[in-house]
Structures are given as structure tokens and as C-alpha cells.
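[1] I would like to see how this sequence folds:
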Amino acid sequence: MINWTNRYSVVFFLLFSTPIIFAQSKIEKLTQKVEEAPTDSTKADALNNLAWEYVNVNPTKGVPLVEEAIELSAKNNFLKLKSSCLNTYAYLQETMGNLQEAEIYYLKSIEEKRKIKDMKGMATVYSNVSKIYRRQSKHDLGISYLLKSISIQDSLKNYYGLGLAYNNLGSICKDMGDNPSAKKYHLKSLENRIIAKDSIGMAYSYVNIASVINDLGDYKQGIQYCLKGLEILERKKDYQAIILTLSNIANTYTKIKNFTLANKYNKRALDLALEKNNTTHLASIYQVKAELLMEQKEYLESLKVLNKALFFAEMHKMNFVQIEIKANIGACLYHLKRNKEAKKYLESAINSSREFEIPSIEFRSLCRLVDILVGENNLSLAQKHLKRAEILVKDLDSKKYFLTYYRCALNFAKSFKDKDLLLDSYDKYFQYRDSLMPENIHFAMSEASAKYETDKKNREIQLLRQEKKIKEFETKEQKWQSEKRMYFMWALIGMLIIIITSIVLIYRKQKVILKQANKQAVYEAEEKERERLSKDIHDDLGSGLSKIRFLSESLKSNKSALEIQNNVNSINETAYQLVDNMRSMIWTLNPANNTLENLIIRIREYLYDYLEDYPIQAIFLVEDNIPEMKIKSESSRHLFLVIKESLNNIVKHANASTAKIEVQLEGKVLFIKIADDGKGFKVNNNSIGSGLKNMESRIQAIGGIWKLEEKEGCEIIVEIQLDEISAE
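    Have a look, this model is predicted:
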């Protein structure tokens, strides 16, 4: 049972289990060689090689060819060739998903190689058969065969074989969720491939290391390793590997919501696949494109692309990829509210996942199906599927999947009215959500900035060279005029000493004065912050707790069931609001969060989280020229509260289908626009209520300008100078 934790798993398995290089001209040459073979041994060898070339093109065509090669080898007692043909037959069956058949023939190949004492061949097949046990989730058995392979390869000093064996060992550790060990063995694989000068293998190791690092949450370093591998692959013109690596880079950028670069790398992968007439990997490329569109909530376009992906997956009999595509089609149909069709695809994905033992796809499909059944009020069937999802998520043991499970359980508990499950799911959901926010997950990388840094370094190097030449010239000039300028230099040095001494004394005095002034300023700022915190706690938390106390006391009196239910709902809503206010207050108090970049990230996360349960599409646009700068905590707080109030107004009053927040920087002026396509209202003094006036006063308090405009809905514009909010 493979732990297919993300899109990397499917594509990396196709690419890096063993190297695959296809050339149409090679198939044509081998076909001609088979036809012109003068002897049985030559023909059997050519048939075996030809069958191997069909592995990644059309495995079914390769099967009869290698069967004929096995028959010829057995008939003429070509034992070594027979063992090689059995290995090829097993690999063809593995590619087609016939794992039991593949296992049988790998073991037959090992037995034949043992007879002829072909130790190197045995080690290679040991490594190959481990991949079968990996896909069957027989991890202990797979590891035992790899250790046998490593022992033989080490005794033979076969660094190429060691690189392959350690690579497969790292892949099994990754499937088991042991990412530190996976990283360790992939680095060992890279070390041996460097010794063997196996440049293609080095490229594969770089990309496998990237896969593990991405699972550990360091997407920035993961992309850097991927780019190292890509550089080698492009140099070696391994187009098939280039296509898949480009697709994986696009997938990583999708995860960090850098849709511009995700589109760029996906397009490069697609263009190269079409140019090289390589239809084998179009399914994976289109699938990445579809997931990119899903992240941008373009579900209809995503559905069209997924159907293309399914066509190519079926053409090449890619069973595992077909299952994942069907699961994604079900998810798209769910978002398009075509629940009847969605259930059909999700149930198909669930059944196929169980058959081929792919728990991650089964789990995700079950959670989506539970959401549909809850919406249809079919709670008994939803509960059954949720229990199965609970079993799977414990086996998968991934924070990301635990987050998905508790979100699904929370949705079910609300409808099922299970208070214990509701409270537990609510607590666990936020626990896992907060733990899945590493500092580098929202980093923005672009090739333009990389090029800028490269050019900057080149300019600095050029400047250093010029400075060096200038210094050399000045040294020669000084030597030539040293005697003439000696007295002048002594006089100048004396003057400089006097000036420097004066400057130091003045500086020390000013430093003392400045230190006292800073100390006083810090004291005043602390007093002001304490006063503000006291007011916030009194206003935000005190009133809320008072309300909860009042409502709780009122429950003691004799009231109707409806009144009690209303009071309980009011207490629940007030508690939710208090938790949200406390989170915002704690976030603002953390000095590390008081930067413009973190404020923008916070606004973007709040936009998507807040609108997640409403039928409103969230759009967030931000320019790349936002500077890294610290801002005042008060400014951060006021800006964020204006965003919260604006989104609250859109949800309650606008009747909108889209809400958009756009952040722009023009010179030193920051613009934040909050727009919707709702019903809007006439802008005049009478229409501006207390909430809008409160927003205006907040912006004015931090030195900004607040505007309200009517543009096919409503648009709020905040304009503020960066110097007004800067804390530097």
C-alpha cells in the first residue's frame, strides 16, 4: 500500500523508480535487428532489448516480444540471457499494474541468476523486486531485499548499483512517513552516483531529495533541489525526465499559491511534451494544470482539463493515475454542485483505491463524499464513510490529512448535532491548521528576482575589480610622490586626529542624550500599549464574557425549549467571536508578525478562511513589489480590523458572488482595495453607518485616507503612505 501523500508521489514513481529513456529511432533499429538476426542468441537478445524499449511506450506490445525471447533462451539454454528476459517481463507486468505477476517473475529471475552466480545481476533484481513490495505496502520485505542488494553492490564496489538501491530505500522510507530517513538515504544515493559519475542518476536524486524536503514543508529549498536536477537533465537532453520535473516544479508552486510561476512551468512541460510527441506523460501534466485551476476556483475549466488527463491515462493504461484523476473530477463536480455525478466518480475512485491499495486517494474521496452526503442529510451513510476515513487517516499519519479529516468531522458533527464530536473536531481542526503554517510556506520566488540578484552580484564583482585597479593605481601614485607629501600627510593626520577625537566626544554625548530619549519613548509607548490592551480586553473580551454570563444565568430560569436553544446559539456565536478576537490580538502582539509582508499574508489567509463556508468566490491579488519592512503594531491592527469589518459587511449585506482584495504599491503609497459585485448602495452622508464611520476613523488614526465608491457593487479604497505605518 503506497502512501501517495501528494502529486509528487505519482509522478516521481513513474520517473525515478528506474531510469527510462525512449527514442523512436531506437525501436525502429531494434525491430530491424530482430528481423535480420542471424542466430537465436542474437534474436533473443534483440527481442529482449526491444521489449524493454516498449516499457514506457506501450507495455502490452513488449510482452509477446519478451515471451518469445524467454522461449528462445530456454530452448538454447542461454541461462544469463533468460534471467535478463525474466527481469524484463517482470518490469513490463509491473508497469501495467500486474504486481503479483511481476513479483513471480522477478523471483524467477533471481533464481536463474543465483544458478549462474551472477551476483551483480542478483543485486539489480533484488532492487527491482523491492519496488513491487513497496507498492504492495510490504515495506519490511522490500527493505530486506534492498539490504541484500546493498550488501552485494558494496562488496563489488558497484557505486552505480548502490545509488539505485539507496534511492529505492529512500523511497520506501518516504512512503512509511519517515522523511528524515528518506532524506538520509537519498543523500547516500546522491553520494554514490557522484562517485559513479552517473549524472542522470544525480539528477534523479536531486529531484527525489526535493520531494522529501517538500513533504517536510521547506518548499523553497525543495524547488532549489529540483532546479539542480533540471539543470543536469537539460544538459543531458533527457526530455522525458525534463517534462516530469517541470510538471513537479509547477505542482510545488501551486501548493504555495504562486500561480504565475506554476502556470509558467506547467506550460513549459506541456509544450515540450507536445514538441517531442510524448503523450505518455500528458495525463500527469494535465492533472497538475487541473489542480492549479482548482486552487484558483476555476472548476469548470479544471473539469475540462481533467477529462483530457483521463483520456491520456486510459490510452496508456495508467491505472493509478486514472484513479487520482477520477477523484479530482469528483471534487470538481462537487464544487460545481453536480452532486449526483460527483458521487459516481468519487465512489469509483474509492473502490479502485481499495483494489489497488492507495489509501490517500481513498481517504480524500471519502471525505468529499461525506460532505455531499451531509448536504443531502444522509447522515447514516455519511457516518459509515467517516469511520472508514478515521481508520485511514491514522494509518496515513499526516498532519495535512488529519486537518482534512477534522474539517470533515466538524461539518458532519454540526448536522448530526453530536456535541462531543463537534467540540473535539473543532479543537483538533485548529490545532492541526496552526501547526501546518511553517514560516517559509508563503515565500514568493520568481525568476525575475533571481535574475536581478545574479545581475546585482555581477555588478558587485565588477565594482570590486574596478576598486582594486583604482587602489593599485593610487598605491603607485603615493609611492611616486611620497617624499613630497610626507609633511603634508603628517599635518593632515594630526588634523584628522583632532577632528575624530572631537567627533567621538560629540557622538558619545549625543548617544547618552539619545539613549535617555529612547528610554523615555519606550516607556511612553509601553504605557500607551498597556492602555490600548486594557481597552481592547475590556471592549472585545469583557463585553463578550458579560454577555455569555448573562445568557448562562438566563438559562437557569424556566424558559421554553426554543428560548433555551436561542440562548445556547448566542453563547456559541459569542464564544466563536471571542476566540477569533483573541487570536487576532495574540497575532498582533507577536513582534515577528509586525511586518507588511506578514500583514498581507494574514489578510489573504483570513479572506480564504472566512469565505470558505459562504457561496462567495474569494480573489486575492498582490503585486510583487511589496517591500520587506516592519510596521507599527497599531497600524497592523487597524488595517486588519478594517478588512474584517469590510468582509463582514459583504457577507451580511452585499448579496455578492465575488469578493476581491487587491494590494498595490505606487511609489511610497500603499493601496488596499476591497470590492464586491453585490447590490451596492448609494454613497451619501446618510448611507454611511456607524460601522463605515468606524472604519474611516481607524484609517484616519494611522494617517491614511478611506474612500467608499460604487462600481457594480461596492468598493472600499484605503490609501496610506508607507512612512506613516513604518516602524523602522
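
[2] Leaving aside the residues adjacent along the chain, what's closest to the most centrally placed residue in the chain?
    Centroid-nearest residue in the chain: residue 255, 3.1 Å away (criterion: CA atoms, centre = their mean). Once flanking residues are discounted, residue 255 sits nearest to residue 219: 6.4 Å by CB to CB, 6 or more residues apart in numbering. The way it works is simple: take the backbone N, C-alpha and C, and place the C-beta from them, glycine included.

[3] For that neighbour, grab phi and psi.
    Dihedral pair for residue 219: phi -70, psi -30, per degrees, to the nearest 10.

[4] From what I see, it and residue 256 are in contact.
    Yes. Between residue 219 and residue 256 there is a contact under CB atoms under 8 Å: 5.2 Å.

[5] circling back to that earlier point, quick one: pLDDT of the residue nearest to the centre of the chain?
    Note for residue 255: predicted pLDDT of 82.

[6] That one contacts residue 217, doesn't it?
    No. If you go by CB under 8 Å, residue 255 and residue 217 don't touch, sitting 10.0 Å apart.

[7] So for these two, which residues contact both of them?
    Common neighbours of residue 255 and residue 217, using CB atoms under 8 Å, 6 or more residues apart in numbering, do not exist here.

[8] which regions of the stretch 551-700 of the chain lie under the pLDDT threshold?
    Low-confidence regions of the stretch 551-700 of the chain, defined by pLDDT under 70, span residues 551, 553-559, 567, 573-574, 576-581, 583-592, 681-689.

[9] quick one: the strands in it?
    Here the stretch 551-700 of the chain has its strands, by DSSP state E, counting those that start in this stretch, at 617-622, 658-666, 669-676.

[10] so of those, which one's packed in deepest?
    Mean neighbours per residue, mean count of other CB atoms under 10 Å, is largest over those for strand 669-676, with a mean of 20.

[11] doesn't residue 728 make contact with residue 629?
    Yes. Using CB under 8 Å, residue 629 is in contact with residue 728, at 6.1 Å.

[12] which of these two has more neighbours?
    Ranked by neighbour count (other CB atoms under 10 Å), residue 629 and residue 728 place residue 629 first, with 13 against 8.

[13] List the contacts of the more buried one.
    Residue 629 touches 595, 596, 722, 726, 728, counting by CB under 8 Å, 6+ apart.

[14] Mind picking the one among these that's closest to residue 658?
    residue 596 (25.6 Å; CB to CB).

[15] The closest one and residue 213, how far apart?
    28 Å (CB to CB, to the nearest Å).

[16] swap in residue 133?
    25 Å.

[17] which residues sit against stretch 408-422?
    Contacts of stretch 408-422 (CB under 8 Å, 6+ apart): 367, 370-371, 374, 377, 379, 382-383, 386, 389-390, 425-426, 429.

[18] Who wins on neighbours among these?
    residue 370 (26 neighbours).

[19] Please identify the buried residues of the strand or helix carrying that one?
    If you go by DSSP states H and E, residue 370 is part of helix 359-375. Of all the residues in helix 359-375, those buried under the rule 16 or more other CB atoms under 10 Å are 359-374.

[20] Dump it to PDB, restricted to CA.
    Extracted C-alpha coordinates of helix 359-375, given in PDB (Å, rounded to 0.1, in the frame of the first residue of the first chain):
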ATOM      1  CA  PRO A 359      -5.200   4.900   0.900                       C
ATOM      2  CA  SER A 360      -4.500   8.600   0.400                       C
ATOM      3  CA  ILE A 361      -6.900   8.800  -2.600                       C
ATOM      4  CA  GLU A 362      -9.500   6.600  -0.900                       C
ATOM      5  CA  PHE A 363      -9.300   8.900   2.200                       C
ATOM      6  CA  ARG A 364      -9.700  12.200   0.200                       C
ATOM      7  CA  SER A 365     -12.500  10.700  -1.900                       C
ATOM      8  CA  LEU A 366     -14.300   9.500   1.300                       C
ATOM      9  CA  CYS A 367     -14.100  13.000   2.900                       C
ATOM     10  CA  ARG A 368     -15.500  14.600  -0.200                       C
ATOM     11  CA  LEU A 369     -18.300  12.000  -0.300                       C
ATOM     12  CA  VAL A 370     -19.100  12.600   3.400                       C
ATOM     13  CA  ASP A 371     -19.500  16.400   2.600                       C
ATOM     14  CA  ILE A 372     -22.000  15.600  -0.200                       C
ATOM     15  CA  LEU A 373     -24.000  13.100   2.000                       C
ATOM     16  CA  VAL A 374     -24.200  15.600   4.800                       C
ATOM     17  CA  GLY A 375     -25.600  18.200   2.400                       C
END
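
[21] tell me what that helix is packed against?
    Counting by 3 or more CB pairs under 8 Å, 6 or more residues apart in numbering; DSSP states H and E, the packing neighbours recorded for helix 359-375 are helix 319-335, helix 339-356, helix 379-396, helix 399-416.

[22] and of those, who's closest to residue 561?
    Of those, the one closest to residue 561 (CB to CB) turns out to be helix 399-416, at 19.2 Å.

[23] send the alpha carbons of that closest one over as CSV?
    Extracted C-alpha coordinates of helix 399-416, given in CSV (Å, rounded to 0.1, in the frame of the first residue of the first chain):
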residue,chain,number,x,y,z
LYS,A,399,-0.9,16.4,9.6
LYS,A,400,-2.4,17.5,6.3
TYR,A,401,-4.8,14.6,6.2
PHE,A,402,-5.7,15.0,9.9
LEU,A,403,-6.6,18.6,9.1
THR,A,404,-8.9,17.4,6.2
TYR,A,405,-10.5,14.7,8.5
TYR,A,406,-11.3,17.1,11.3
ARG,A,407,-12.7,19.6,8.9
CYS,A,408,-15.0,16.9,7.5
ALA,A,409,-15.9,15.6,11.0
LEU,A,410,-16.7,19.2,12.1
ASN,A,411,-19.1,19.6,9.2
PHE,A,412,-20.7,16.2,10.0
ALA,A,413,-21.0,16.9,13.7
LYS,A,414,-22.8,20.2,13.1
SER,A,415,-25.6,18.4,11.1
PHE,A,416,-25.6,15.3,13.4
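
[24] pLDDT of it, averaged?
    85.

[25] buried residues in the very next helix or strand once past it?
    Sequence order places helix 419-435 as the next helix or strand after helix 399-416, per DSSP H and E. Of the residues in helix 419-435, those with enough neighbours to count as buried (16+ other CB under 10 Å) are 421, 422, 425, 426, 428, 429, 432, 433.

[26] Can you add distance to residue 88 and pLDDT and give those residues back as TSV?
    Formatted as TSV, the buried residues of helix 419-435 follow (distance: CB to CB, whole Å; pLDDT from 0 to 100):
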residue	distance to residue 88	pLDDT
421	53	75
422	57	77
425	51	77
426	55	78
428	49	81
429	50	81
432	46	75
433	48	77
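
[27] Nearest to residue 48, out of those residues: which one, please.
    Nearest member of the buried residues of helix 419-435 to residue 48, counting by CB to CB, is residue 432, at 50.8 Å.

[28] Return the distance of the closest residue to the closest one other than its chain neighbours relative to residue 212.
    Residue nearest to residue 432 in three dimensions, not counting chain neighbours: residue 403, with 4.1 Å by CB to CB, 6+ apart. Residue 403 sits at a distance of 20 Å from residue 212 (criterion: CB to CB).
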